[in-house]
Structure formats: structure tokens, C-alpha cells
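In: using only what follows, build the 3D model:
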Amino acid sequence: MDLQKTAHVVLLSSPGIGHLIPIIELGKRFHIHHNFKVTILVITSQTSQAESQILKSATNPSLYTIIPIPSSNISATAVSTRIRLTMRHSIPSIKSALINLPLRPSAFIVDIFGTESLILAKELNIPKFVYVASHAWYLSLFAYSPVLDKQIEGQYVDQKEPLKIPGCKSVRPEDLVDSMMDRNNLQYKEYLITANNLCKSDAVLVNTWNELQHRELKALNGELSCSLKIPVFAVGPIVRQTKSKTDQDTESMMKWLDKQPKESVVYVSFGSGGTLSYDQMKELAFGLELSEQRFIWVLRAPRGDDADGAFFTTGCSDRFDEIQKQLPDGFLERIKNLGMLVQEWAPQVNVLKHGSIGCFISHCGWGSVLESLTNGVPIIAWPLYAEQRMNATMLVEELGVAVKTTLSPTKNVVGREEIASLVKKVILVERNGKSNHMRERVREIKVSAEKALCEGGSSYNTLSKVAKIINKQDFISLSLNVDMRDEIKD
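Out: Down below sits the predicted model:
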């Protein structure tokens, strides 16, 4: 086979901002650091205004080509099931897009919901990868789920002991991903199909770095290799680095931040799909007010009873004045010199990079977590759906960069007093002259992340190995062998 002078990597993104952004950023790194031609196939939701805005703003022909593929109208209760079914129905369109590309693909990289499309790369005889935009602990649970399915009887949530994963921290039943909460529903069945499909790729890329999760990465390429069967490459943290374009509202927000003291502002946002009930919104409003700390709150109306209700409908469709009427009486007047409310969306990278931000109340989606850590901002963990409970537990118990609520926000209304207490704990420096350990720890992780991505760093070198494999069409080095795994573990 004649090799192309320039490798051409094709990436596939499932619907949703949280899936699209990591794929775009991975594509950028392939182009900027390895001079690859990059094409990004995006299965669009067709209902998310924010997704459309991201696609429009992300257009950059000098770095990559984006090809939107409209999705079928799939109706399913659970968001993850809807995404998986959407991707399955899109396979013929994905195949057509691949065949009609002007330049033959050198590799095909899919996100975690696109694994059923790997068969297309097999037909084209090109290397195929799964990009897991979350962390290595989540990947270990995901990869080991088919084994757990055979080992454990009954519901996982009824287990008295944490679920054991070889070489990794065990997972408490209450921290499991949403798809594992009920083994009798379609969501779990679809989750297992995806987990079993992982090993149909040649390798997995994961959005973390060796210094952050050495134990889990060692297990994935060691003790867990018998179930995963393919190597795992840590290539993160892959996050948005460039600031968003500013409009008049954004400029107003940034000017307000410019006037605030260093590390004094709480940024409150629950991602592109997260929503709170009106009761919880009121308690959060009271809690922010009681804390007496400055804040920016990205406010969104509830979408039904689901915490991820805005996933497919994100956009400024609700009248902001109507949403604000649901807040406590007199709240807007009392906080006009203390905080700022923003409708639906804020330029998160711009905000988290600003020196006045001292804390992030976050749903703990991994993309938001990485944006917070790489900017040295500690977190108040407020997990809502997907693997966010695992993320919150890791941030608090493993990394020491966050605090979390006593009760799960998914099932309970968190009270104003606890909210105020958590905000003060993170924002205010500890008394008696002691430094804030959480803030010191997050700064250490920020430096660690920067080193991993710099030339010669662990993730830079790992992505270079992947690029070399793609350039040489080197299937042999991707095969499961001791030498390759030892190289990865080192």
C-alpha cells in the first residue's frame, strides 16, 4: 500500500457539547503537534442551540474539517440510551461520509458512544481507536463491567460492599454510573454492549495523565488487560486552551470580574445539560447569599424531572425574567452588588482563567473538572448524572481538590446552610495563619498537567507514539504483547 505524505485522522463525535469539545481538542493536537490532516464527523442532535453555536464558532479550516451528520429522531428516556441508539442508526451515514472523503483515512478515532462504528475502520483496514474523554478510574470500571455482570447477582446498588476492580480503587454502589443503577432496563443493556465493544478497537486513548492516575493506568495495562485486551494510552489533559469569542454580555461579565479581588468569586455552572429543580435553585440562591461571597451563576430553568434534562435542548429558549421570578423574593435586589446571574451559558474557559475566580460549584463533568484543575481552581462537587458521582469522589478523596455535599444532590435538596458553609470553606483562607491545603493541591495538579502536555512530558510522548503508529500504519506495535505494555506502563 502506498503511504500518504500526510497522515489523515478522522474523528467521530456523538451528540452533545461534552462529547464534541474533547474530540475537537484532540483533533487540534494531532494537527498542531504532528501535522496531521484532521476531519471531524459530528453526529448532531438538531435540538441543541448551544451545540450549533459550538460547531459554528469551532469552524477552523486551517486546523480541521468538520462534517456535520444530522441524526435520526430517536426517542428514549435515558440520555445515554438515546445517544447510543442515535449512533447506531447513524452508521450508514458515517460509512458514506468515510467513503466519500477526498483523502483516504489513516486512522479512525471514535468517542465512547461510537464503538459500533469501529467495524467501518476494519473494512477500510486502518487503525481504529476509542477516545474516552473521561478518566482512567472510570475507564477501569467501564472495561471491567462485563466481568462484574457475570460475577455479581442482583442489583449493584443493593451490594453491601464496594465493587472491586483489580488494581484500582473500589467503587461504592452509590457512586456508580447512571447506566449501572438498574440492571433490568435498556440503559444497562446498551451500556454493556458499548463496554464489550471497547476491545474491538486497536487501542484506547484516555483523557488523563500518568502523574495523576498512575495506579489506574498501570492496572489497565496490567491486571485489567485480560478483560480489556488492548493497550491504553493516557493523552490528557485535553481541554480547551483558547478563550471564547466575546460578545457584549461576555465583555460586561469580564469587566465585572476585573473589579473583584483575587480568588474571591464563586463560579456556579452545571454544564451544558445539567438542571436543578426550582426548590433546589431557591436553596442555592439562599446559600450563595448567606455565604456573603461574590459569585457568577449560570442560571437555567428545569427541564422536567431529570438532572440531565437540558442535554438535548440547551439554548436560550426560556425567558430569563420568568426564570428569575422563581428565585427568593427580593434576592435580585439584595445581591446586585454581590453577584451576577447569566442565562444558560457562559464562556467557561474565559471565566476559569480569570484571576478573581476562587471556587467552582460544578456538576463534575470531566471536561469541566479538567478546565478547573488546569486553571488552579478548587471545586465544590455537585454531581448530577453519568459518571459524575465517581468524579466527585475522586476529587475529594483521592486528589484533595474539592469538597462535596453531605447528601447526593441527585436525590436530595441541599440546604442553604450547607451550601454557605462549603463556599466559605473553599473561598476563605483557613485561620491561624494556615494555608488552604485544597488550593495548594490544585496548584500542584495544574503544574503537573502543564508538564505532562509539554514537549517531553508523559502525555506529549504518549500521543507522539500514537501518531507514529498512525503514520507508519504500524498494526504490529498495537498488538497485545509484553514489550508494548511494559513501554506504556513505564
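In: can you give me the end-to-end span of stretch 221-239?
Out: Length of stretch 221-239, first residue to last, C-alpha to C-alpha, to the nearest Å: 24 Å.
In: flag every buried residue along it.
Out: Buried residues in stretch 221-239, defined by neighbour count with 16 or more other C-beta atoms under 10 Å: 221, 224-225, 227-228, 230-239. (Glycine included, C-beta is placed from N, CA and C.)
In: quick one: least confident of those residues?
Out: Among the buried residues of stretch 221-239, residue 227 carries the weakest pLDDT, at 84.
In: ignoring the adjacent residues along the chain, who's closest to it?
Out: The spatially closest residue to residue 227, leaving aside those adjacent along the chain, is residue 147, at 5.3 Å (C-beta to C-beta, 6 or more residues apart in numbering).
In: which of the buried residues of stretch 221-239 sits closest to residue 70?
Out: Proximity of those to residue 70 (C-beta to C-beta) peaks at residue 238, which lies at 26.5 Å.
In: tell me the secondary structure for the closest residue to the closest one other than its chain neighbours?
Out: Spatially, and ignoring its direct neighbours in sequence, residue 238 is nearest to residue 25 (4.8 Å; C-beta to C-beta, 6+ apart). Assigned with DSSP: H, G, I helix; E, B strand; the rest coil, residue 25 falls in the helix class.
In: any idea how far residue 72 is from residue 392?
Out: From residue 392 across to residue 72, the span is 34 Å (C-beta to C-beta, to the nearest Å).
In: okay, these two: which has more neighbours?
Out: Neighbour totals were compared for residue 392 and residue 72, and residue 392 leads with 27 against 12 (other C-beta atoms under 10 Å).
In: got the contact list for the more buried one?
Out: Residues near residue 392 by C-beta atoms under 8 Å, 6 or more residues apart in numbering: 175, 364, 381, 382, 383, 402, 404.
In: in CSV: those residues, plus secondary structure and pLDDT.
Out: As requested, those are exported to CSV (DSSP: H, G, I helix; E, B strand; the rest coil; pLDDT from 0 to 100):
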residue, secondary structure, pLDDT
175, helix, 97
364, coil, 97
381, strand, 98
382, coil, 97
383, coil, 97
402, strand, 97
404, strand, 96
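In: tell me the one of those nearest residue 331?
Out: residue 382 (19.4 Å).
In: which non-adjacent residue is nearest that closest one?
Out: Residue 382 sits nearest to residue 409 (C-beta to C-beta, 6+ apart), 5.1 Å away.
In: check residue 23 too.
Out: residue 13 (4.0 Å).
In: could you pull out the buried residues of the helix or strand hosting the residue nearest to residue 227?
Out: Residue 147 belongs to helix 136-151 when assigned by DSSP states H and E. If you call a residue buried by 16+ other C-beta under 10 Å, then helix 136-151 has these buried ones: 136-146, 148-149.
In: check the offset of that helix from the chain's centre.
Out: Taking the mean of its C-alpha atoms, helix 136-151 sits 19 Å from the chain's own mean (C-alpha atoms, centre = their mean, to the nearest Å).
In: for that helix, which outside residues touch it?
Out: 112, 132, 156, 163, 165-169, 171, 176-177, 180, 183, 191-192, 195-196, 198, 204, 206, 208, 213, 216-217, 219-220, 224, 227-228, 232, 234, 366, 387, 390-391, 394.
In: stretch 395-414 now?
Out: Taking C-beta under 8 Å, 6+ apart as the rule, stretch 395-414 contacts 169, 174, 212, 277, 279-280, 283-284, 287, 307, 364, 369, 373, 378-385, 389, 392-393, 418-419, 422, 425-426, 437-438, 441-442, 445.
In: and residue 257, what does it touch?
Out: Residue 257 sits next to 265, 296, 351, 354, 356, 357 when contact means C-beta under 8 Å, 6+ apart.
In: which residues of the stretch 351-490 of the chain fall in helices?
Out: 366-373, 388-393, 416-427, 437-453, 458-472, 482-489 (DSSP state H, counting those that start in this stretch).
In: weakest of these by average pLDDT?
Out: Across those, helix 482-489 gives the lowest mean pLDDT, at a mean of 44.
In: just give the nearest non-adjacent residue to residue 132, would you?
Out: residue 206 (4.6 Å).
In: does the one you found touch residue 129 like I think?
Out: No: in this structure, residue 206 is not within contact of residue 129 by C-beta atoms under 8 Å, at 10.6 Å.
In: which one of the contacts of residue 257 sits closest to residue 463?
Out: Comparing the contacts of residue 257 against residue 463 with C-beta to C-beta places residue 351 closest, at 27.7 Å.
In: wait, what's in contact with the closest one?
Out: Residues in contact with residue 351 (C-beta under 8 Å, 6+ apart) are 253, 257, 267, 296, 357.
In: and residue 28, by the same measure?
Out: Residue 28 sits in contact with 38, 63, 64, where contact means C-beta under 8 Å, 6+ apart.
In: buried among these? Make that a ChimeraX selection.
Out: The buried residues among the contacts of residue 28 can be selected in ChimeraX (16+ other C-beta under 10 Å) with this line:
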select :38,63,64
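In: now, among the contacts of residue 28, which is nearest to residue 249?
Out: Top of the list for closeness to residue 249, among the contacts of residue 28 and by C-beta to C-beta, is residue 63 at 27.1 Å.
In: any idea how far residue 92 is from the closest residue to residue 89 other than its chain neighbours?
Out: In this structure, residue 89 finds its nearest non-sequential neighbour in residue 72, 4.4 Å apart by C-beta to C-beta, 6+ apart. Residue 72 sits 10 Å away from residue 92, going by C-beta to C-beta.
In: can you tell which of the helices of the stretch 351-490 of the chain is closest to residue 323?
Out: Residue 323 lies closest to helix 416-427 among the helices of the stretch 351-490 of the chain, at 19.0 Å (C-beta to C-beta).
In: angle of that closest one against helix 437-453?
Out: Counting by axes from the mean of the first three to the mean of the last three C-alpha atoms, to 10 degrees, helix 416-427 points 60 degrees away from the direction of helix 437-453.
In: restrict helix 416-427 to CA atoms and write it as CSV.
Out: Presented in CSV, the C-alpha positions along helix 416-427 are these (Å, rounded to 0.1, in the frame of the first residue of the first chain):
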residue,chain,number,x,y,z
ARG,A,416,-28.8,26.7,52.2
GLU,A,417,-26.7,26.4,55.4
GLU,A,418,-24.6,23.6,54.0
ILE,A,419,-24.1,25.5,50.7
ALA,A,420,-22.9,28.6,52.5
SER,A,421,-20.6,26.6,54.7
LEU,A,422,-19.0,24.8,51.7
VAL,A,423,-18.5,28.1,49.8
LYS,A,424,-16.8,29.7,52.8
LYS,A,425,-14.6,26.6,53.3
VAL,A,426,-13.2,26.8,49.8
ILE,A,427,-13.1,30.6,49.3
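In: count the neighbours of residue 135 for me.
Out: 26.
In: can you pull the contacts of it?
Out: Counting by C-beta under 8 Å, 6+ apart, residue 135 touches 206, 207, 208, 212, 213, 216, 366, 391, 394.
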